[in-house]
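how would this look folded up:
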Amino acid sequence: MVNQYLLLVPGCIIMAVLIGGCSGADPTPNQIIRTLPPVEASALIEEMRRHPEFAIIDLRRSDEFAGGHIPGAVNIDSAASPEHIAGLDPDGVYVVYCQRGGRSAGVRKMMQEAGFSEVYEIEGGIGAWKAAGLPVTGG
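Here you go, the predicted model:
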């Protein structure tokens, strides 16, 4: 009898995990959180540039930003991003990038967890953007 219970308990635990993992609803099903290659990001920027709810956010330090950035980008240093991100409209559309993608991946995740509707990260950052021959201003 004891042996039957020893087999039953792990089976119940596994079943509970499987059911719980499959039945949990996505808390924000309408979110669009994606990483885009530079060329796709450029097309999105051109399409959205005139929309007031759209912003391009450069997450590098101010000296890096001054050395060259995507035209129209605003600079929010990733070190200070939590308080700046909290002041943004979560219903806006955002493209974020940094130098290579490390800092922007963290901010993209933070924006996702904060419930932002639409956030795009440029894959490979400004380095990949420049390598693709896309426009840079400043520097």
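
Any figure for the gap between the residue nearest to the spatial centre of the chain and residue 122?
Geometric centre of the chain, nearest residue: residue 108, 2.3 Å, by CA atoms, centre = their mean. According to CB to CB, to the nearest Å, residue 108 and residue 122 sit 10 Å apart. Just so you know, the C-beta spots here come from the backbone N, C-alpha and C atoms, and that holds for glycine as well.

quick one: stretch 53-63 to chain centroid distance?
Once both centres are worked out by CA atoms, centre = their mean, to the nearest Å, stretch 53-63 turns out to sit 13 Å from its chain's centre.

Just the CA atoms of it, as PDB, please.
In PDB, the C-alpha atoms belonging to stretch 53-63 read as follows (Å, rounded to 0.1, in the frame of the first residue of the first chain):
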ATOM      1  CA  GLU A  53       3.100  57.500 -30.400                       C
ATOM      2  CA  PHE A  54       6.300  56.200 -32.000                       C
ATOM      3  CA  ALA A  55       9.800  56.600 -30.600                       C
ATOM      4  CA  ILE A  56      13.300  55.400 -31.300                       C
ATOM      5  CA  ILE A  57      15.300  55.000 -28.100                       C
ATOM      6  CA  ASP A  58      19.100  54.800 -28.000                       C
ATOM      7  CA  LEU A  59      20.100  53.100 -24.700                       C
ATOM      8  CA  ARG A  60      23.800  53.900 -24.900                       C
ATOM      9  CA  ARG A  61      25.700  56.500 -22.800                       C
ATOM     10  CA  SER A  62      25.500  60.100 -24.000                       C
ATOM     11  CA  ASP A  63      29.100  60.000 -25.300                       C
END
